[in-house]
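Novice: need a 3D model of the sequence below.
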Amino acid sequence: MLPRRRRSRGEAGVGGVPGPATGRSARGGLSRHVGAQRHGRGGGRGRRAGALHRSARPSHPSCGEGQGRQEEEAVRRLVVAGLVLACACSRSAADHEELGDRAYAAGEFRNALAEYQLGLKAHPGSADLSAKAGAAALHTGEYALAAAQYVALGQTDRSRAAEAADGLERVVRAALAANERNAAATALQGLRAVSPSRPLGKYTRLAALDAAERGDTAAALALLPSAVAAAGSGRTADSLLFVYGMAAVRAHACSTAVPAFESVIRRQREPAIAEGAREGLGLCALIEGQRLLAAGKPADAEDWFRRASAPGSPPDVVRGAFLGLGDVKLAQGDIPDALENYQQAIAGGTPGDTIAQRAHEKINAVGKADAPSTTPPKSP
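Specialist: Numbering: from 1, shown residues only. I've put the predicted structure just below:
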């Protein structure tokens with residue numbers, strides 16, 4: 001249904017377009033029924049009076065008076081031209097809206113959309129045109145464009161935010177039915193922007209996954225718990241819980257990620273998801289160990305590094321954990337254990353990779369520190 005706008009007194013027509021005023025044509029000129037005003041009998045007397053008036057003027061005006069009248073006439077023409085241009089532009093937007101309304105009513109949605117877009121070019125920021133363009137785009141299957149127009153409606157006129165949100169929900173439903181997941185996700189983003197407090201219901205999962213894929217960690221962490229709670233099966237819940245844990249890892253919030261991963265691993269509902277949770281747990285443990293080591297807490301960091309080196313962690317995470325354990329032992333003054341851990345960090349890597357390079361640098365630094373001094377002692 002075509003979005004309606006409020007009509008003021010005296011307005012009529014399709015889609016809220018004002019109808020012609022009484023006594024005037026739709027083009028803004030005089031009506032056919034007021035011809036006497038244009039061609040009345042008084043016209044002859046007016047012309048004769050005008051002629052007598054002109055004859056009464058001085059036959060030889062001064063140069064100053066003539067130049068003044070020319071300047072006045074030039075200014076008048078500029079003013080009239082500006083008014084004509086302004087009226088033409090305003091009529092252009094209204095004409096496109098009226099043509100769009102007619103096409104929409106006839107079911108010619110593509111033509112209606114084209115007219116509404118032309119109207120928006122002539123009158124940018126029109127909430128009415130944005131609403132109508134969104135509805136027409138929804139009918140033509142241009143879901144991303146429909147979402148953009150409804151977002152524009154909600155941002156242009158905050159009093160119509162609920163209307164814009166309703167339109168965006170319709171876009172989400174239609175896009176999902178057409179298997180256009182990206183367009184549906186775009187509409188959900190717009191819905192959250194236009195009406196942040198509006199519950200997403202069954203669309204929460206899609207919005208949460210879209211936020212995670214886009215790297216919008218804050219949105220993902222806010223939406224995923226609700227998506228997990230509304231999951232229809234245990235496997236779906238574990239899958240979403242894993243995504244939640246990975247979003248927390250990206251936010252360096254291991255205190256949030258670790259319980260999520262451990263819950264998935266403990267239930268073992270889906271082997272592939274449980275394996276991913278083990279990898280996520282190892283990565284998070286490595287990040288936490290590095291954080292504690294940088295904070296000057298090697299004893300606390302050691303426990304996390306050992307968890308990161310446990311079976312199931314990715315190979316590079318394990319090697320990074322051994323590199324961290326070497327730093328822990330070095331800080332504790334245990335040089336042999338430090339060198340052993342550095343050697344394990346080198347094993348399994350490719351020559352020249354980052355972890356191997358850092359391990360070699362640390363081994364060389366330890367060797368130089370332990371090497372005997374070559375400077376002869378000073379004689380007394």
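Novice: could you list the domains of the chain?
Specialist: Per automatic domain parsing, the domain ranges recorded for the chain read 80-198, 201-286.
Novice: need these in a markdown table with mean neighbour count, can you?
Specialist: Backbone N, C-alpha and C define where each C-beta goes, glycine included. Output for these, formatted as a markdown table (neighbours: other C-beta atoms under 10 Å):
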| stretch | mean neighbour count |
| --- | --- |
| domain 80-198 | 19 |
| domain 201-286 | 19 |
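Novice: quick one: the helices in the stretch 251-380 of the chain?
Specialist: 254-267, 271-294, 298-308, 315-331, 335-346, 354-370 (DSSP state H, counting those that start in this stretch).
Novice: just checking, what packs against the fourth one?
Specialist: Contacts defined by 3 or more C-beta pairs under 8 Å, 6 or more residues apart in numbering; DSSP states H and E place helix 315-331 against helix 271-294, helix 298-308, helix 335-346, helix 354-370.
Novice: what's the average pLDDT for the longest one?
Specialist: What it means is helix 271-294. Here helix 271-294 scores 93 as its mean pLDDT.
Novice: over to the shortest one?
Specialist: Confidence over helix 298-308, taken as the mean pLDDT, stands at 94.
Novice: so where's the chain shaky on pLDDT?
Specialist: 1-93, 368-380 (pLDDT under 70).
Novice: quick one, strands of it?
Specialist: Taking DSSP state E as the criterion, the chain carries no strands.
Novice: among the helices and strands packed on helix 315-331, which comes closest to residue 241?
Specialist: Within the helices and strands packed on helix 315-331, the stretch nearest residue 241 is helix 271-294; the backing value is 8.2 Å (C-beta to C-beta).
Novice: what's the closest one packed up against?
Specialist: By 3+ C-beta pairs under 8 Å, 6+ apart, helix 271-294 packs against helix 234-250, helix 254-267, helix 298-308, helix 315-331.
Novice: now that helix against helix 254-267, angle please.
Specialist: Angle, helix 271-294 to helix 254-267, by axes from the mean of the first three to the mean of the last three C-alpha atoms, to 10 degrees: 150 degrees.
Novice: and the angle from helix 271-294 to helix 234-250?
Specialist: Helix 271-294 runs at 20 degrees relative to helix 234-250, counting by the same axes, to 10 degrees.
Novice: mind checking how far helix 271-294 is from the chain centre?
Specialist: Remark: helix 271-294 is offset 31 Å from the chain centroid, using C-alpha atoms, centre = their mean, to the nearest Å.
Novice: kindly report the same for stretch 305-314.
Specialist: Distance, centroid of stretch 305-314 to centroid of chain: 38 Å (C-alpha atoms, centre = their mean).
Novice: got the helices and strands packed on helix 271-294 as TSV, with distance to residue 351 columns?
Specialist: Shown next, in TSV, are the helices and strands packed on helix 271-294 (distance: least, C-beta to C-beta, whole Å):
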stretch	distance to residue 351
helix 234-250	29
helix 254-267	32
helix 298-308	23
helix 315-331	14
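Novice: among the ones you listed, which is nearest residue 185?
Specialist: So among the helices and strands packed on helix 271-294, helix 234-250 is nearest, using C-beta to C-beta, at 14.6 Å.
Novice: just put the helices and strands packed on helix 315-331 in TSV and tack on distance to residue 144.
Specialist: Output for those, formatted as TSV (distance: least, C-beta to C-beta, whole Å):
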stretch	distance to residue 144
helix 271-294	31
helix 298-308	42
helix 335-346	48
helix 354-370	40
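Novice: distance of the residue nearest to residue 139 when sequence neighbours are not counted from residue 124?
Specialist: Excluding its sequence neighbours, the residue lying closest to residue 139 (C-beta to C-beta, 6 or more residues apart in numbering) is residue 109, at 3.9 Å. The gap separating residue 109 from residue 124 is 22 Å, by C-beta to C-beta, to the nearest Å.
Novice: separation between residue 272 and residue 360?
Specialist: Distance from residue 272 to residue 360, by C-beta to C-beta: 36 Å.
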